[in-house]
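Colleague: Model the structure of this input:
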Amino acid sequence: MTEKEKPRITQPTDSYVRHYPKIVELVNKQFEEQFWTSSEMKVKLDRMQLLHGLEPDQLHAVKTVLLLFLRYELMVGDFCGRTVADTFPRPEVRMAAAGIDAIEKVTHAEFYNQLNVELGLDTDEHYLSYHEKPELAERVNWLGRILGGEDKILATIIFSMTETALLFSSFAILKSFQSNGYNLIPVIVRGTNQSAIDEDLHGTISAEIINTYYHESGTTLRKDKTRYEKVKEAIHYAYDHECLIIDMAIPGESLNGVPKQEYKEFVKHRLNIYCDRLGIPHEFKVGECSVKDWFEKNTYAYKMIDFFSAGIGMEYESSWDEEGFKSAWLKGNDEKN
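Modeller: Residues are numbered from 1 along each chain as shown. Next comes the predicted model:
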């Protein structure tokens, strides 16, 4: 294939003329509608519940899902900021790649690190402890092999799956603390809602890039037999491995009133969404799954304001400067006296 025959989205350009308005629209949504910072989520307000208000099985679940969150954010941020931008060297894609990289590393990683700090897990030993757990180490190694492989198109396709599905069972586990009548760790759940919305958008952006690549190639992923078979293998591997991690996080039969199997069915649901976005058939039939109903309802209701719970109504707290207020108050009193 000559340079002129290659899909335009893979061809470098010094021009800033936009050819992919949908990608620009999605990136702008991240920064104009969904932007948040880790400091807006005052995780320290959940500290007492984290340390003293959770049952042992609940605390175990929280600590287990935290083991991979930070590692994932750094891996996918690096991949998007470097590989996606280099593979699809168009201004719109580079804007998207830079934006996703920043959100993953600056916002998400810092939010999850707040949880580790409050739990006393902000140590080198904790951050490297996934090496000691074969299930987690294999997941990281598998993802590293694919994202670092020679086929950067395939790597980007799998990256889209990572953003659309791979962390969503862990998101659901954390969100269950504010579902089914539970009212625990509200700030952490709010940050989880924001992260889930972001990851879903990142999955949509990367799917748009891949679909554009195939459209400009005059074919589809489904007709790209070699890659399609690898994608199907990756989907089933991801499901099996998500189930192992769910089993690690939930040693019993349920968590917060949700049967463990329903968390696994939710993984199937998210993987089917991934298939829909890429125009390929579903790989799973989803069984009974109440999780998908309350997950999506509660997640996309995140803009509802709670005026009465500190650290939760973030739209009204993001500019609160406690020390500045104290200083102004004292200065005003001094001037009166």
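Colleague: Give me the below-cutoff pLDDT ranges for the stretch 151-300 of the chain.
Modeller: 298, 300 (pLDDT under 70).
Colleague: Check what pLDDT G313 gets.
Modeller: According to the prediction, G313 has pLDDT 47.
Colleague: ah, wrong one, I meant E125
Modeller: 86.
Colleague: who does the helix or strand that contains it touch, helix- and strand-wise?
Modeller: Take DSSP states H and E as the rule and E125 turns out to sit in helix 124-127. Where contact means 3 or more C-beta pairs under 8 Å, 6 or more residues apart in numbering; DSSP states H and E, helix 124-127 is packed against helix 56-79. No exception for glycine: its C-beta is placed from N, CA and C like everyone else's.
Colleague: What average pLDDT does the next helix or strand after the helix it packs on get?
Modeller: Next in sequence after helix 56-79, counting helices and strands by DSSP H and E, comes helix 85-87. On average, the pLDDT along helix 85-87 is 97.
Colleague: contacts for helix 85-87?
Modeller: With C-beta atoms under 8 Å, 6 or more residues apart in numbering as the test, helix 85-87 has contacts from 10, 93-94, 97-98, 152-153, 156.
Colleague: after the helix holding E125, next one along is what?
Modeller: Helix 124-127 is succeeded, C-terminally, by helix 134-147 (DSSP H and E).
Colleague: Could you identify the helix or strand that succeeds that following helix?
Modeller: Going down the chain from helix 134-147, the next helix or strand is helix 152-161, by DSSP H and E.
Colleague: Can you get me a residue count around D101?
Modeller: 19 (other C-beta atoms under 10 Å).
Colleague: if we can go back for a sec, reformat the contacts of helix 85-87 as JSON lines; add distance to F171 and neighbour count.
Modeller: Below are the contacts of helix 85-87 laid out as JSON lines (distance: C-beta to C-beta, whole Å; neighbours: other C-beta atoms under 10 Å):
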{"residue": "T10", "distance to F171": "32", "neighbour count": "18"}
{"residue": "V93", "distance to F171": "26", "neighbour count": "27"}
{"residue": "R94", "distance to F171": "28", "neighbour count": "15"}
{"residue": "A97", "distance to F171": "23", "neighbour count": "26"}
{"residue": "A98", "distance to F171": "24", "neighbour count": "15"}
{"residue": "K152", "distance to F171": "27", "neighbour count": "18"}
{"residue": "I153", "distance to F171": "27", "neighbour count": "18"}
{"residue": "T156", "distance to F171": "22", "neighbour count": "22"}
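Colleague: Quick check: the two most widely separated of those residues?
Modeller: Distance extremes for the contacts of helix 85-87: the farthest pair is A98 and I153 at 20.1 Å, using C-beta to C-beta.
Colleague: Just the C-alpha atoms of the helix or strand K22 falls within, please, in PDB.
Modeller: Using DSSP H and E, K22 maps to helix 21-32. Extracted C-alpha coordinates of helix 21-32, given in PDB (Å, rounded to 0.1, in the frame of the first residue of the first chain):
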ATOM      1  CA  PRO A  21     -15.400  16.700  13.700                       C
ATOM      2  CA  LYS A  22     -16.900  13.800  15.700                       C
ATOM      3  CA  ILE A  23     -13.600  13.200  17.400                       C
ATOM      4  CA  VAL A  24     -13.300  16.900  18.300                       C
ATOM      5  CA  GLU A  25     -16.900  16.900  19.600                       C
ATOM      6  CA  LEU A  26     -16.100  14.000  21.900                       C
ATOM      7  CA  VAL A  27     -12.900  15.500  23.200                       C
ATOM      8  CA  ASN A  28     -14.700  18.800  23.900                       C
ATOM      9  CA  LYS A  29     -17.300  16.900  25.800                       C
ATOM     10  CA  GLN A  30     -14.600  15.700  28.200                       C
ATOM     11  CA  PHE A  31     -13.400  19.200  29.000                       C
ATOM     12  CA  GLU A  32     -16.500  21.300  28.600                       C
END
